[in-house]
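> structure for this input, please:
(2 chains)
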Amino acid sequence: MQFALLIYESPEAFKSRKDETNSYTGAWRAYYKSLVEAGVYVGGDPLEVPETGTTVRIKEGKRRVQDGPYADTKEQLGGFTLLELPSLDAALDWAARCPAASYGVVEVRPLAPDTKRRVTE
Amino acid sequence: MSAADPKDVHRTIERVARESYGRLVAYLSSHTRDVAGAEDALSEALIAALTAWQRDGVPRNPEAWLLTTARHSLIDFIRHQQVVLAGEATLLLLQENSTEATLATRFPDERLKLLFVCAHPAIDPAMHTPLMLQTVLGLDAAHIAGAFLISPKTMGQRLVRAKRKIRDGGIRFEIPRDDELPERLDAVLEAIYAAFGIGWDDMAGADQRGRDLAEEAVWLARVLFQLMPDEAEVRGLLALMLHCEARRAARRGPKGQYVPLSEQDPKQWTLPLMEEAERHLAEAAKHGRAGRFQLEAAIQSVHAERARSGRIDWAAIALFYERLMRISPTLGTRAGYAAAIAEANGPEAGLAVLDAIELDIVSDYQPYWAVRAHLLERLAKMSEAKDAYDRAMGLAEDPAVREFLLQKRG
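Next up is the predicted model:
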């Protein structure tokens, strides 16, 4: 079963990404290594800071384009990690070890392979 | 009785619920085996108490009041259900109704039977602890789910399923026979210890899981000790947890940083808890049957000895671990043994213990990597040590432990 860990981070966390020697980078490097060595890592990526987002929607035939992220919350989506695991319990274990769990929020969501199959076949 | 201050009523209800919840649930369910039904009846009684006690004043024996009220709603429920067993169970409940006067002061404490039911071999071992926390202490599913890192909905469903199994699966409310007792008692002790959550107390491997239930676990162990004062392993478990509890304040520095056991300031340890632990351990030793929990408590006792002697007798610790390895070679024991052997006989010897563990079972076991990193560092194998520190950091849940390991990694 595949799960996505959706990483929500605070503005301070986004700022601390740049510093290569700090605990932010060290913690993420260690977490990534543990995921790979445990054989559960499938993929994932960090996202650029929320201010770089642009939203698009078509309403009544008109294009609406807005600067900034969609959700207006303090913690913003900062990236995602895809994991192959036997159960939700196991996914929650890995979510708790994720550095963002102690300075932000990690949402665990199962992927929807049935929907994907219907769309891609 | 006269009208009471709502605040007093709330406080009384909270106190009675806290102290008597398990006794009431155990007593109510011991006849019907219906733990969920007993819990429902008790929560109805607690709600009824809110209005009745405010109106009429708090009764002289609040526990007896709750029992009577809960039992009535339980009997009503059984009558409505008209299940096959109901006749017998109702009869028993009604029968005791006639002895209300005696019950008002005292009713049998069936919590020991309830503890054995919760840790029954027919119940999924992963549910032993959650069941105890809910039925004996009255903790809600969401709180338990948080401590065990399981989704609240899933935890709720698993608890319901386990209680159904108790009701319908022929699990009896009884103290196991002598020939079964050691094994059945082990399961109860394991379940209480799992709530405590600190399996391993050395170096940077402190397991966070369940830590916020530590006080609840000590409380359960005290209940168990009160009910089985002659079982050496019960004392052993209590001693082990008290030694760990004594160090709670010393585990963190002034800025919240992680402080490993060997670097803690013994002056910050809580002396009365340590003394209580030592008394239990000494009493337990008189039985001459050192089980797993007595051995683990003995290891903690050697660490505690540093408060007096200023040094850690690693040879003694290694010896206790050797005995522990023979009866309970868990991953935690093996990692602890490796750390102790390394201190007593040098890092190569410790590393050899770790190397004997199959790699695929430690890929997500944090303490193994914490010890390994430390030993590799002592052997000046810097690049391997850094790798192991990364693994230990990546598997840590506690940001303070992560930071500690990052500093050591360099």
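
> so which bits of chain B are right by chain A?
Chain B has residues B:149-151, B:154, B:363-364, B:387, B:389-399, B:402-403, B:405-406, B:409 near chain A, with proximity defined as C-beta under 8 Å from any C-beta of the partner chain. Where C-beta positions appear, they are placed from N, C-alpha and C, glycine not excepted.

> just the buried members of those?
For the residues of chain B next to chain A, a neighbour count by 16 or more other C-beta atoms under 10 Å in any protein chain shown gives the buried set as B:149-151, B:363-364, B:387, B:389-399, B:402-403, B:405-406, B:409.

> strands along chain A, start to end?
For chain A, strands defined by DSSP state E occupy the ranges A:2-9, A:41-46, A:54-59, A:62-67, A:76-84, A:105-110.

> what are the pairing partners of the third one, and which direction each?
It stands for strand A:54-59. Take DSSP bridges as the rule and strand A:54-59 pairs in its sheet with strand A:62-67 (antiparallel).

> restrict the partner strand to CA atoms and write it as CSV.
Output of strand A:62-67 as CSV, limited to C-alpha atoms (Å, rounded to 0.1, in the frame of the first residue of the first chain):
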residue,chain,number,x,y,z
LYS,A,62,-13.5,33.9,-16.9
ARG,A,63,-10.0,33.0,-15.9
ARG,A,64,-9.1,34.0,-12.4
VAL,A,65,-5.4,34.0,-11.5
GLN,A,66,-4.1,34.8,-8.0
ASP,A,67,-0.7,35.1,-6.5
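
> hmm, who's touching that strand?
Residues from elsewhere that reach strand A:62-67 (C-beta atoms under 8 Å, 6 or more residues apart in numbering or on different chains): A:Glu51, A:Gly53, A:Thr54, A:Thr55, A:Val56, A:Arg57, A:Ile58.

> average model confidence for that strand?
Averaging pLDDT along strand A:62-67 gives 93.

> now it, how far from the chain's geometric center?
Put simply, strand A:62-67 sits 25 Å off its chain's centre (C-alpha atoms, centre = their mean, to the nearest Å).

> show me which residues of it are buried.
Buried residues in strand A:62-67, counted by 16+ other C-beta under 10 Å: none are found.

> return the helix or strand in the chain with minimum mean pLDDT.
Went with chain A since none was named. In chain A, the helix or strand scored least confidently by mean pLDDT, DSSP states H and E is helix A:11-15, which has a mean of 89.

> wrong one, chain B
For chain B, judged by mean pLDDT, DSSP H and E, that is helix B:100-105, with a mean of 48.

> ok, for A:Gln76, nearest residue in space, not its chain neighbours?
For A:Gln76, ignoring the flanking residues on the chain, the nearest one in space by C-beta to C-beta, 6 or more residues apart in numbering or on different chains is A:Pro50 at 4.0 Å.

> list the contacts for the one you found?
Here A:Pro50 is in contact with A:Phe14, A:Gly68, A:Pro69, A:Gln76, A:Leu77, A:Gly78 (C-beta under 8 Å, 6+ apart).

> picking up where we left off before, export the least confident helix or strand of chain A as PDB, just CAs?
This file holds the C-alpha atoms of helix A:11-15, laid out as PDB (Å, rounded to 0.1, in the frame of the first residue of the first chain):
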ATOM      1  CA  PRO A  11       7.000  30.300   7.800                       C
ATOM      2  CA  GLU A  12      10.000  29.900  10.100                       C
ATOM      3  CA  ALA A  13      10.600  26.400   8.900                       C
ATOM      4  CA  PHE A  14      10.500  27.500   5.300                       C
ATOM      5  CA  LYS A  15      13.100  30.200   6.200                       C
END
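
> elements contacting that helix?
Where contact means 3 or more C-beta pairs under 8 Å, 6 or more residues apart in numbering or on different chains; DSSP states H and E, helix A:11-15 is packed against strand A:76-84, helix A:99-103.

> name the element B:Ala147 belongs to?
B:Ala147 belongs to helix B:141-148 when assigned by DSSP states H and E.

> torsion angles phi and psi at the one residue in the stretch 151-300 of chain B that gets nearest to chain A?
Nearest residue of the stretch 151-300 of chain B to chain A (C-beta to the nearest C-beta) works out as B:Ser151 at 6.3 Å. Dihedral pair for B:Ser151: phi -60, psi 140, per degrees, to the nearest 10.

> how much space between it and B:Ala145?
6 Å (C-beta to C-beta, to the nearest Å).

> next SSE downstream of the helix ranked longest in chain B?
Looking across chain B with DSSP state H, the single longest helix is helix B:6-32. Counting by DSSP H and E, the element after helix B:6-32 in chain order, helix or strand, is helix B:35-56.

> elements contacting that next one?
Here helix B:35-56 touches helix B:6-32, helix B:62-81, helix B:125-135, helix B:152-168, going by 3+ C-beta pairs under 8 Å, 6+ apart.

> pLDDT below threshold where in the stretch 51-200 of chain B?
Applying pLDDT under 70 to the stretch 51-200 of chain B picks out residues B:81-106, B:198-200.

> what does chain A put close to chain B?
A:23, A:26-27, A:29-35, A:37-39, A:88-89, A:92-93, A:96-97, A:99, A:101-103.

> may I see the ChimeraX selection of the buried members of the residues you listed?
In ChimeraX, this line selects whichever of the residues of chain A next to chain B come out buried by 16+ other C-beta under 10 Å:
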select /A:23,26,27,29,30,31,32,33,34,35,37,38,88,92,93,96,97,99,101,102,103
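
> what about B:Ser43, neighbour count?
For B:Ser43, the neighbour count with other C-beta atoms under 10 Å in any protein chain shown is 15.

> likewise B:Ala64?
Quick note: B:Ala64 (other C-beta under 10 Å) scores 18 neighbours.

> go through the contacts of A:Pro50 and name the one nearest B:Val353.
A:Gly78 (40.4 Å; C-beta to C-beta).

> follow-up on the earlier one: residues in contact with the helix or strand just after the least confident helix or strand of chain B?
Remark: after helix B:100-105, the chain's next helix or strand is helix B:111-118, criterion DSSP H and E. Where contact means C-beta under 8 Å, 6+ apart, the residues beyond helix B:111-118 that reach it are B:22-23, B:25-26, B:29-30, B:35, B:128, B:131-132, B:135-136, B:166, B:171-176, B:184, B:188, B:191, B:220, B:223-224, B:227-228.

> can you select the buried ones from the residues you listed in ChimeraX?
What follows is the ChimeraX syntax selecting those of the contacts of helix B:111-118 that are buried according to 16+ other C-beta under 10 Å:
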select /B:22,23,25,26,29,30,35,128,131,132,135,136,166,171,173,176,184,188,191,220,223,224,227,228
